[in-house]
Structures are given as C-alpha cells and as structure tokens.
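Asker: need coordinates for the below:
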Amino acid sequence: MESLSSSITAPSLLIVEDDRAICEMLGTVIHRKFRDVTIYLAENGRVGVDLFKEHTPEIIITDINMPVMDGIEMAAEIKSIKVDARFIVMTAYSDKAYFEKFSEIGFCEYLLKPIVLSTMFAAIEKCSAEIPAERQ
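Answerer: Numbering: from 1, shown residues only. The predicted structure is shown next:
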C-alpha cells in the first residue's frame, strides 16, 4: 500500500479523547505510521473546538462521550465553521441513536472501541483521499 505521505499532501489531524493515555497513544502510533502528519490533541470537545479554530485540521478523530462538551456537540459546532470537516468517530457505544446523531452531522468513518489500529489507519487513508484536490 502506498504511504499517505507519498500519495497526497499530509493532512493535519485533531484527536479528541478524554482518556489521556488513549489520546496520547493514538497520537504516537498515528504519527509513527504517517510521519508527515501534524497532530493536535484535545481532552474534550470544548478544547477540540478551540484547537480546530486555531489550526483548522482536515481530519478530526473523536470520541463521543466526554466531559465539558461531547463529540456530537463538538462536531456540530465544527461543521458550522467548516462544512467539509471530516470526522472519524470512535466510540464504545454501539447504540443506534449515537450513530444516527452523528450521521445527521456527517462523518467519514464510525469505529467501535476497542479500536483496531489497522482499521484506524484505513479510516485516515479514506478521509485523506476525500480532501479536496486543491488541498493536495
């Protein structure tokens, strides 16, 4: 498989996860796989929105259930700022209601925890391929 960095301009990613260890681990393994990607980390949706406004990353990887502001509220706010923001949702909830709420907002991939890294990497590749041609 062609690497992300050799096929397109590397996107920036925002990882929003309230479990600090998981957030940092994801940042580390994603950076090892995609060396040219810029990664921002946030511990809740409010910090995620603030980092989005500051850096405008192309892809947001988010948990749903978080304190301060959950992933659904954060995604809706980010979509109101940038309608083509791409979300990879990761959640322990297989509840159809969460899936439907995020479907209304729009997402690139919806992954159930525990996350399989190869699935996460494939989701990042898919979302990166959807970034408009002018960005590439």
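Asker: pretty sure residue 82 contacts residue 55?
Answerer: No: Residue 82 lies out of contact with residue 55 (C-beta atoms under 8 Å); the separation is 11.6 Å. Every residue, glycine included, has its C-beta placed from N, CA and C.
Asker: contact partners for residue 61?
Answerer: By C-beta atoms under 8 Å, 6 or more residues apart in numbering, the residues touching residue 61 are 13-17, 26, 87-88, 90, 120, 124.
Asker: now swap in residue 116 and tell me
Answerer: Listed by C-beta under 8 Å, 6+ apart, residue 116 has no contact partners.
Asker: give me the distance between it and residue 14.
Answerer: 21 Å (C-beta to C-beta, to the nearest Å).
Asker: same question, residue 79
Answerer: In terms of C-beta to C-beta, residue 79 sits 14 Å off from residue 14.
Asker: let's see the pLDDT reported for the residue nearest the centre of the chain.
Answerer: The chain has residue 61 as the residue nearest its centroid, 1.6 Å off, counting by C-alpha atoms, centre = their mean. Residue 61 is assigned a predicted lDDT (pLDDT) of 96.
Asker: quick one on the thing from earlier: among the contacts of residue 61, name the buried ones.
Answerer: The neighbour-count test (16 or more other C-beta atoms under 10 Å) marks 13-17, 26, 87-88, 90, 120, 124 as buried among those.
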